[in-house]
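A.B. asks: A structural model of the following input is requested.
(2 chains)
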Protein chains: 2
Amino acid sequence: MKYKIVITSGGTSERIDNVRKITNSSSGKLGNIIANKLIELNNANIDKIYYICSKKAFKPNHPKVNIIEIDDTNDLKEAVENILTKEKIDYFIHAMAVSDYTVDFVTTAQKIAENIRRNPHKDLEKLITHNQDNIVENKISSNEDDLIIKLKRTPKIISLIKKISPQTHLIGFKLLDGVKKEKLIKVAASLRDTNNCDLVVANDLSDIRKKNHIAYIIDKNNNYITASGKEDIAEKLIKEMFKSA
Amino acid sequence: MKYKIVITSGGTSERIDNVRKITNSSSGKLGNIIANKLIELNNANIDKIYYICSKKAFKPNHPKVNIIEIDDTNDLKEAVENILTKEKIDYFIHAMAVSDYTVDFVTTAQKIAENIRRNPHKDLEKLITHNQDNIVENKISSNEDDLIIKLKRTPKIISLIKKISPQTHLIGFKLLDGVKKEKLIKVAASLRDTNNCDLVVANDLSDIRKKNHIAYIIDKNNNYITASGKEDIAEKLIKEMFKSA
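C.D. replies: Residues are numbered from 1 along each chain as shown, chains lettered A, B, ... in the order given. Presented below is the predicted three-dimensional model:
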């Protein structure tokens, strides 16, 4: 059996103007190590790895790896839909930190206030959130006093995968910050159930900052194994993936 | 004469939460080329280059170069004040793209609306801009619908330099996007006059995107020379710097 695998890695970034963006600090280190370990440990069983990543992410370099660079969540959505409709993907390892929010518009407190004063009887929430004049054309001027960035939710990429390709094994990732192990596992299990993941990798930023990257690899029966360090996480994840195959 | 030189390079980034930040796309390429050209062309005249840059910026590697890495505008301010008060700096080349704004607080449209409803007779602008509950602790939840980031102005670093160290030759940079040459030169000259720069380098993003990096190096008498490409910009800038010395 030769597998086709997708790995998403790094973090999306969302454009504010031509020079500014909202970025995610994810480096793509773990996704890169998973790709390299897959080839090191299972080369004979691998047909192709599609590695979808941000431009600055760590990237594997191997003839079996296709690198697909993207910027924002919208690009990611297109790349994922494109691959899943064209190819039969056996495993989808969704390690990328996808922005939950993108920029809706940029305005000023003064413009919002004027809008409210002009429309005294309208719904306040709507006056704040709807269709303010976007003051950005190319580059935000440096002369505004009270600049406001309104964000909106991005589409949940992880929820698309099983919908487009039900037979693909899906590995989700959940990163929280400063929560106890029990809560981390509970939240990760909920992500798994909502998106029909086969496995989910749960980890916490506060561990990663302490250079002590612990992860729990949780299966569909709520059994989990603990891994410590990116190499160990990659190796144990790969073992679990092929066990459930 | 042995010169002590400061170069700022790359772009500052401003923290939203533990994983998100607002970044500037500046790579630090031009600052890096200027540092390398200074050493290549004027090694005998250089005592030390302090290269203050963002972590991901291009960096020179030479025994005479001290690398000082910073994240946000506040870090930059501290680094600049620290160097200028401790050392007699001959030239300050301020090529870094410094964020004009930093994050004041993160809130939701709902919280702003509630605040306005609770205080019907207060100043609307103040209700929008002042001291909303910051909903960020470690990491923004992915469940908010109408997230709003309120920005505030950062201190103008370029304005500090001559105030702390009047004898330092100051080279400012102005980057606009999609403006005509006449306007670019006018805006750059205004930056020069406001901040007491000796030279100012004016360039436009729309040229840089077309891989045609043109810059105008403008002196105190409004005379300017045109340079094309980062190497040429660096060489002509250095020539102008030492001419005005």
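
A.B. asks: Show me what residue A:68 is bridged to.
C.D. replies: Listed beta-bridge partners, residue A:68: residue A:52 (assigned using DSSP bridges).

A.B. asks: Quick one: residues contacting it.
C.D. replies: A:50-53, A:79, A:83 (C-beta atoms under 8 Å, 6 or more residues apart in numbering or on different chains). To be clear about C-beta, it is placed using only N, CA and C from the backbone, and glycine gets the same treatment.

A.B. asks: which among these gets closest to residue B:226?
C.D. replies: Relative to residue B:226, the closest of the contacts of residue A:68 is residue A:53; by C-beta to C-beta it sits at 38.8 Å.

A.B. asks: What score does that closest one have for pLDDT?
C.D. replies: Note on residue A:53: pLDDT of 97.

A.B. asks: Thought residue A:95 was touching it, still the case?
C.D. replies: No - when contacts are counted by C-beta atoms under 8 Å, residue A:53 is not listed as touching residue A:95 (9.4 Å).

A.B. asks: intersection of neighbour lists for the two?
C.D. replies: The contact lists of residue A:53 and residue A:95 share A:8-9, A:28, A:31, where a contact means C-beta under 8 Å, 6+ apart.

A.B. asks: thinking again about what came up before, among the contacts of residue A:68, which two are most distant?
C.D. replies: A:53 and A:83 (13.3 Å).

A.B. asks: quick revisit: nearest to chain B among the contacts of residue A:68?
C.D. replies: Closest to chain B out of those is residue A:53 (15.6 Å), distances taken as C-beta to the nearest C-beta.

A.B. asks: Who are the contact partners of the closest one?
C.D. replies: A:8-10, A:28, A:31, A:59, A:67-70, A:96.

A.B. asks: tell me which of those residues is nearest to residue A:238?
C.D. replies: Using C-beta to C-beta, the contacts of residue A:53 come closest to residue A:238 at residue A:31, 12.8 Å.

A.B. asks: doesn't residue A:52 make contact with that closest one?
C.D. replies: No - the criterion here is C-beta under 8 Å, and residue A:31 misses it with residue A:52 at 9.2 Å.

A.B. asks: In chain A, where is pLDDT below threshold?
C.D. replies: A:131-139, A:142, A:244-245 (pLDDT under 70).

A.B. asks: how about the strands of it, start to end?
C.D. replies: For chain A, the strands defined by DSSP state E occupy A:3-9, A:14-15, A:20-24, A:46-54, A:65-70, A:91-94, A:101-108, A:147-153, A:169-176, A:199-204, A:214-218, A:224-228.

A.B. asks: residues contacting residue A:99?
C.D. replies: Contacts of residue A:99 (C-beta under 8 Å, 6+ apart): A:11-14, A:22, A:24, A:72-73, A:154, B:20.

A.B. asks: Repeat the analysis, applying 6 Å as the threshold.
C.D. replies: Going by C-beta atoms under 6 Å, 6 or more residues apart in numbering or on different chains, residue A:99 touches A:12, A:14, A:73, A:154.

A.B. asks: Likewise for residue A:239?
C.D. replies: With contacts taken as C-beta under 6 Å, 6+ apart, residue A:239 has no neighbouring residues.

A.B. asks: Next one: it from residue A:217, what distance?
C.D. replies: 9 Å (C-beta to C-beta, to the nearest Å).

A.B. asks: which residues are common contacts for the two?
C.D. replies: Common neighbours of residue A:239 and residue A:217 (C-beta under 6 Å, 6+ apart) do not exist.

A.B. asks: Give me the number of neighbouring residues for the nearest residue to residue A:95 once chain neighbours are set aside.
C.D. replies: Leaving aside its chain neighbours, residue A:95 sits nearest to residue A:31 (4.2 Å; criterion: C-beta to C-beta, 6 or more residues apart in numbering or on different chains). Using other C-beta atoms under 10 Å in any protein chain shown, residue A:31 has 29 other residues around it.

A.B. asks: Repeat that for residue A:75.
C.D. replies: For residue A:75, using other C-beta under 10 Å, the count is 16.

A.B. asks: Check the burial of residue A:14 by counting its neighbours.
C.D. replies: 22.

A.B. asks: residue contacts, it?
C.D. replies: Residue A:14 neighbours (C-beta under 6 Å, 6+ apart): A:22, A:72, A:99, A:102-103.

A.B. asks: And residue A:87, by the same measure?
C.D. replies: Counting by C-beta under 6 Å, 6+ apart, the residues that residue A:87 touches are residue A:4.

A.B. asks: Kindly list the main-chain dihedrals of it?
C.D. replies: Backbone torsions of residue A:87, given as degrees, to the nearest 10, read phi -120, psi 150.

A.B. asks: tell me which parts of chain A are close to chain B?
C.D. replies: A:18-25, A:100-101, A:109, A:112-113, A:116, A:124-125, A:128-129, A:138-139, A:142, A:146-151, A:177-178, A:205 (C-beta under 6 Å from any C-beta of the partner chain).

A.B. asks: Where does the record place the domain boundaries for chain A?
C.D. replies: Residue ranges for the domains of chain A, per automatic domain parsing: A:3-98+A:156-243, A:102-153.

A.B. asks: Point out the most buried one among those domains.
C.D. replies: domain A:3-98+A:156-243 (a mean of 19; mean count of other C-beta atoms under 10 Å in any protein chain shown).

A.B. asks: And that one, end to end?
C.D. replies: 14 Å (C-alpha to C-alpha, to the nearest Å).

A.B. asks: Pull the distance from it to the chain's centre.
C.D. replies: Computed by C-alpha atoms, centre = their mean, to the nearest Å, the separation of domain A:3-98+A:156-243 from the middle of its chain amounts to 8 Å.
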